[in-house]
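A.B. asks: just to be clear, the model below is a prediction. Sequence and coordinates:
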Amino acid sequence: MKIKLLLSATFLTTLSCAAFAQSGLDAKFQKMISEGFRAEGIAGLDRIKQDETQKFCSDPKLVNTKQGAAKAIEIQKMNMASIIQPTDGKYIGDWKNGEAIAQSGRGATWSDKPDTVNGGGCYNCHEINKKEISYGNLGPSLWNYGKDRGYSKEVLVYTWNRINNSKAYNACSNMPRFGHFKLLTQEQMQDVMALLLDPQSPVNQ
């Protein structure tokens, strides 16, 4: 019996890092994927098409070689070049909105409507506010993020770039490319930035 899976944006982002494709089984894998998924709601079949970064990170035989190390640097440069800095020149928004975005995991799934506002789901991987006791540990703790690092322009740009497209620093980072794939808007990213870097944010108290 053939199992039909619905397209989840989160799952398909993670799929790019799985140890599949780019091998002798590539054709069979691609056939399985094309037959195993179907479009539903806002989730189209275009989501199963990997870009160059995803293809690279899905090939462990390449990633773990000297050739792969050189390719990773190329991938990082390509992703860095794709990052757009805030068009209004502002990096810091509203930390209260940022907390709500960090808490929300909604959006971009087959069950969401096109006008559903995406969340960042940041707590899935990070400790952020100490008052929140439920969080993942796949990523580093972000508690006292600004307090520990300071509020210089260099820190602002680095943090913006990380949220926008973390693969600019680590080709196969598990962190979603929030800006690159427009999972978050510029304003939403500014609000998440405020959560991490506004001195008034509880994260920095």
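C.D. replies: Happy to help now that I have it.

A.B. asks: any stretches of this structure with poor pLDDT?
C.D. replies: 1-25 (pLDDT under 70).

A.B. asks: name the helices or strands packed onto the longest helix seen in the chain?
C.D. replies: The longest helix of the chain (DSSP state H) is helix 66-82. Packed against helix 66-82 by the contact rule (3 or more CB pairs under 8 Å, 6 or more residues apart in numbering; DSSP states H and E) you find helix 52-57, helix 60-63. C-beta: built from backbone N, CA, C; applies to glycine.

A.B. asks: outline the domain layout of the protein.
C.D. replies: 5-68, 95-204 (automatic domain parsing).

A.B. asks: all strands for the protein, in order.
C.D. replies: Along the chain, counting by DSSP state E, strands occupy 5-6, 37-38.

A.B. asks: buried sites along the longest helix of the chain?
C.D. replies: For helix 66-82, the neighbour count (16 or more other CB atoms under 10 Å) marks 68, 71-72, 75-76, 78-79 as buried.

A.B. asks: cool, and stretch 169-180?
C.D. replies: Using 16+ other CB under 10 Å as the test for burial, stretch 169-180 gives 171-173, 175-180.

A.B. asks: still on that earlier bit, the domains of the chain into TSV, with extra columns for distance to residue 88?
C.D. replies: TSV is the format used below for these (distance: least, CB to CB, whole Å):
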stretch	distance to residue 88
domain 5-68	27
domain 95-204	8
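
A.B. asks: quick check, central residue of the chain?
C.D. replies: Among the residues of the chain, the one closest to the centroid is residue 176, at 1.1 Å (CA atoms, centre = their mean).

A.B. asks: pretty sure that residue is touching residue 183, no?
C.D. replies: Yes - in terms of CB atoms under 8 Å, residue 176 counts as a neighbour of residue 183; the distance is 6.0 Å.

A.B. asks: tell me which stretches of the chain form helices.
C.D. replies: 9-15, 26-36, 52-57, 60-63, 66-82, 95-103, 145-149, 153-164, 186-197.

A.B. asks: tell me which of the ones you listed sits most buried.
C.D. replies: Of all these, helix 186-197 has the most neighbours on average by mean count of other CB atoms under 10 Å, namely a mean of 23.

A.B. asks: what helices or strands is it leaning on?
C.D. replies: Packing partners of helix 186-197 (3+ CB pairs under 8 Å, 6+ apart): helix 95-103, helix 145-149, helix 153-164.

A.B. asks: got the CA coordinates for stretch 179-196 in PDB?
C.D. replies: Extracted in PDB, the C-alpha atoms of stretch 179-196 (Å, rounded to 0.1, in the frame of the first residue of the first chain):
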ATOM      1  CA  GLY A 179      14.900  35.200   5.100                       C
ATOM      2  CA  HIS A 180      16.100  33.200   2.200                       C
ATOM      3  CA  PHE A 181      12.900  31.200   1.900                       C
ATOM      4  CA  LYS A 182      10.700  34.200   3.200                       C
ATOM      5  CA  LEU A 183       9.500  32.100   6.100                       C
ATOM      6  CA  LEU A 184       9.700  35.400   8.100                       C
ATOM      7  CA  THR A 185       9.200  38.900   6.800                       C
ATOM      8  CA  GLN A 186      11.800  41.700   7.300                       C
ATOM      9  CA  GLU A 187       9.700  43.100  10.100                       C
ATOM     10  CA  GLN A 188       9.400  39.800  11.900                       C
ATOM     11  CA  MET A 189      13.100  39.300  11.700                       C
ATOM     12  CA  GLN A 190      13.600  42.800  13.100                       C
ATOM     13  CA  ASP A 191      11.300  41.800  16.000                       C
ATOM     14  CA  VAL A 192      13.300  38.600  16.700                       C
ATOM     15  CA  MET A 193      16.400  40.700  16.600                       C
ATOM     16  CA  ALA A 194      14.900  42.900  19.300                       C
ATOM     17  CA  LEU A 195      14.200  39.900  21.400                       C
ATOM     18  CA  LEU A 196      17.900  39.000  21.300                       C
END
